[in-house]
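S.K.: Could you look at this predicted model? Sequence included:
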Amino acid sequence: MPLVRLIRLALFLAVLMHMSGCATNPVTGGPDFVLMSEPEELALGARYHQQIIKEMPVYPDQKLASYVDNIGQRLARESHRPQLAYQFTVLDSTQVNAFALPGGYIYITRGLLAYLNSEAELAAVLGHEIGHVTARHSVRQHSATTAAGMAGILLQATTGISGSQDLFNVAGKAILSGYGREHELESDRLGAQYLARSGYSPNAMLDVIGVLKNQELIENERAREQGREPRAYHGVFASHPENDRRLQEVIGEAEQLKTTSVTRIGRSEFLAHIDGLAFGDSESEGMVRNNTFLHRPLDFGLDVPERWRIENLPDQLLIIAPQEAAFMQIKVDSDSGEHPPRQYLAEKGVRNLRNAEPLDIKGLPAYTGEAAVTTNKGERQARVAALRDGKQTFLFTGVSRSDQNFSQHDKVFLEILHSYHKLDPREQELAKGLRLKIIKPDSGARFADLARRSPIENHAEAELRLLNSQYPVGEPRAGESIKVVR
């Protein structure tokens with residue numbers, strides 16, 4: 001390597017060493033490799049926070065939100081960074097997840113809350129996420145990524161080989177999917193300490209791991225049946241075996257920090273706060289009943305072929321063929337003006353339609369045709385349609401993975417389009433969201449009997465057992481409250 005390049009590289013490394021020496025790890029007290037100040041960390045978290053709540057709406061239950069926040073704040077006061085303005089948010093998402101952003105933004109989904117069974121278990125989840133914040137895991141990940149990007153710029157300048165990368169995507173993936181074995185174990189250790197100092201047993205972490213591992217088993221089975229990737233809790237926290245020696249050690253160490261002889265469980269308090277919690281698809285976002293998608297607020301339904309699955313995203317509905325051989329995207333424009341469907345398509349840039357024709361779909365005007373669209377697999381032939389319902393226009397786009405199979409999938413696309421309908425009284429009732437109900441069952445009640453009366457469509461008995469920490473075996477105990485779905 002020429003001398004000038006060696007000098008540049010030495011200067012670059014010196015700058016990194018200087019920058020890392022300026023920061024102290026809040027947990028260990030030792031030097032920390034971070035390339036941002038605490039104010040920059042807070043600003044980064046605030047920016048990410050706005051993106052999160054845009055993609056995943058906040059669950060509209062102020063009483064539950066206050067309860068979660070109070071527990072989180074109690075733990076945060078015992079943490080290594082009590083000065084941060086922590087913000088705990090319950091997200092209206094069916095995903096079983098919790099995660100943290102830089103600066104003290106911590107999230108838990110209602111999907112995860114449904115499977116917990118005590119305040120101590122909730123505290124274990126929040127304590128683990130607080131550990132990510134206090135140890136600055138997201139900041140350290142971001143700094144390492146930034147350093148890699150800076151190194152790439154230097155390499156590009158000296159060798160002509162690009163080393164740049166999308167920093168937000170890399171950091172975002174770490175935040176949402178975990179930080180690796182060592183960071184996750186460090187968060188377990190810190191979370192266990194915060195639990196002990198706050199009056200909870202660190203062993204609640206083992207209870208949560210048992211819940212998550214069982215939930216993951218059923219989720220994997222559902223995913224296989226539906227031909228999709230499983231959606232499981234992020235990070236190594238969920239994949240520890242319950243007899244993990246290192247985890248047992250950090251919990252044992254934390255037990256020495258307990259400040260009271262009686263630890264708080266808070267089962268009845270927790271169950272009281274999740275009584276009525278939305279379960280499964282949200283009524284406000286629409287839901288799937290058998291092979292029909294029902295949206296009560298927008299008053300419409302769509303029928304979907306067997307084995308095609310529905311992905312209900314915040315900004316669109318995806319109907320996906322087996323093996324993902326094709327999909328139909330449906331978007332709604334609630335401010336589409338008075339334009340007829342044909343004009344609406346033209347204004348959206350859909351021109352040069354082939355085999356175009358107007359349609360009457362149960363008295364509603366629509367217009368459809370075939371067009372070339374750009375996908376991440378290149379240009380593909382697509383079925384495009386606009387359907388006007390009152391002040392709303394629905395935009396349908398159906399694409400095959402391969403143009404050779406377009407004609408066979410196009411028949412399905414048209415069937416889905418023609419299935420659009422207003423909800424009848426029975427569907428209006430079905431489109432109401434399911435909710436958890438806390439009951440004390442009669443003596444001798446069994447989950448198999450409760451499952452037969454449950455509106456849960458698939459794996460009802462297994463689901464009820466999961467919800468009540470009685471999977472794969474176990475029955476309701478006399479006099480003890482349990483969760484059912486109504």
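M.R.: Ah, there it is. Numbering: from 1, shown residues only.
S.K.: for His183, helix, strand, or coil?
M.R.: Secondary structure, DSSP: H, G, I helix; E, B strand; the rest coil: His183 is helix.
S.K.: Just the element for the spatially closest residue to Asp61 that is not a sequence neighbour, please.
M.R.: Distances taken as C-beta to C-beta, 6 or more residues apart in numbering place Val90 nearest to Asp61, at 7.2 Å, with adjacent residues excluded. No exception for glycine: its C-beta is placed from N, CA and C like everyone else's. Element membership for Val90 (DSSP states H and E) is strand 87-91.
S.K.: could you say what helices and strands the helix or strand following that strand packs with?
M.R.: Where DSSP H and E defines the elements, the next helix or strand beyond strand 87-91 is strand 98-101. Applying 3 or more C-beta pairs under 8 Å, 6 or more residues apart in numbering; DSSP states H and E, one finds that strand 98-101 contacts helix 38-55, strand 105-109, helix 119-134, helix 167-177.
S.K.: Repeat the analysis, applying 10 Å as the threshold.
M.R.: helix 38-55, strand 87-91, strand 105-109, helix 110-113, helix 119-134, helix 137-159, helix 167-177 (3 or more C-beta pairs under 10 Å, 6 or more residues apart in numbering; DSSP states H and E).
S.K.: if we can go back for a sec, and the strand holding Val90, what does it pack against?
M.R.: Using 3+ C-beta pairs under 10 Å, 6+ apart: strand 87-91 touches helix 38-55, helix 62-77, strand 98-101, strand 105-109, helix 110-113, helix 119-134.
S.K.: what inclination does that strand have with respect to helix 119-134?
M.R.: If you take axes from the mean of the first three to the mean of the last three C-alpha atoms, to 10 degrees, strand 87-91 sits at 120 degrees to helix 119-134.
S.K.: if I read this right, Glu285 contacts Glu311, doesn't it?
M.R.: No - here Glu285 lies out of contact with Glu311, judged by C-beta atoms under 10 Å, at a distance of 11.7 Å.
S.K.: Quickly list what's touching both of those two.
M.R.: Leu317 (C-beta atoms under 10 Å, 6 or more residues apart in numbering).
S.K.: Looking at these two, which is more packed in?
M.R.: Remark: of Glu285 and Glu311, Glu285 carries more neighbours, 18 against 13, as counted by other C-beta atoms under 10 Å.
S.K.: so what's the residue nearest to that one when sequence neighbours are not counted up against?
M.R.: Nearest non-adjacent residue to Glu285, counting by C-beta to C-beta, 6+ apart: Asn312, 6.0 Å away. When contacts are counted by C-beta under 10 Å, 6+ apart, Asn312 touches Thr94, Asp281, Ser282, Glu285, Gly286, Met287, Val288, Phe293, His295, Leu318.
S.K.: Now, of those, which are buried?
M.R.: For the contacts of Asn312, a neighbour count by 16 or more other C-beta atoms under 10 Å gives the buried set as Thr94, Asp281, Ser282, Glu285, Gly286, Met287, Val288, Phe293, His295.
S.K.: how would you label the second one: helix, strand or coil?
M.R.: Look at Asp281: counting by three-state DSSP, its state is coil.
S.K.: what residues are up against it?
M.R.: Thr94, Met287, Val288, Arg289, Phe293, Leu294, Ile310, Asn312, Ala431, Gly433, Leu434.
S.K.: which residue sits closest to the second one, ignoring its sequence neighbours?
M.R.: Pointing back at Met287 there. Leaving out its chain neighbours, the residue that sits closest to Met287 by C-beta to C-beta, 6+ apart is Asp281, at 3.4 Å.
S.K.: Same check on the fourth one?
M.R.: Once its chain neighbours are removed from consideration, Arg289 has its nearest residue in Leu430; the separation is 4.9 Å (C-beta to C-beta, 6+ apart).
S.K.: same deal with the first one?
M.R.: Closest residue to Thr94 apart from its sequence neighbours, by C-beta to C-beta, 6+ apart: Gly111 at 4.5 Å.
S.K.: wait, doesn't that neighbour sit right on Leu212?
M.R.: No - contact between Gly111 and Leu212 fails when scored by C-beta under 10 Å: they sit 11.6 Å apart.
S.K.: burial measure for Gln329, as a count.
M.R.: 18.
S.K.: Phi first, then psi, for Tyr200.
M.R.: phi -110, psi 160 (degrees, to the nearest 10).
S.K.: cool, and Ala445?
M.R.: The phi/psi pair for Ala445 (degrees, to the nearest 10) is phi -60, psi 140.
S.K.: how close does it get to Val484?
M.R.: 10 Å (C-beta to C-beta, to the nearest Å).
S.K.: For these two, work out which one has more neighbours and name it.
M.R.: Val484 (23 against 17).
S.K.: can I assume the more buried one sits in a helix?
M.R.: No - counting by three-state DSSP, Val484 is located in no helix; its state is strand.
S.K.: ok, and the closest non-adjacent residue to it?
M.R.: Nearest one to Val484, counting by C-beta to C-beta, 6+ apart, is Lys437 at 5.3 Å.
S.K.: what helix or strand does that neighbour sit in?
M.R.: Here Lys437 is assigned to strand 434-439, by DSSP H and E.
S.K.: Kindly spell out which helices and strands sit in contact with that strand.
M.R.: helix 267-274, strand 278-279, strand 482-485.
S.K.: Swap in 7 Å and give it another go.
M.R.: Under the contact criterion of 3 or more C-beta pairs under 7 Å, 6 or more residues apart in numbering; DSSP states H and E, strand 434-439 touches strand 278-279, strand 482-485.
S.K.: Okay, buried residues for the host helix or strand of Asp188 please.
M.R.: Assigning secondary structure by DSSP H and E places Asp188 in helix 181-197. By neighbour count on 16+ other C-beta under 10 Å, the buried set for helix 181-197 is 183-197.
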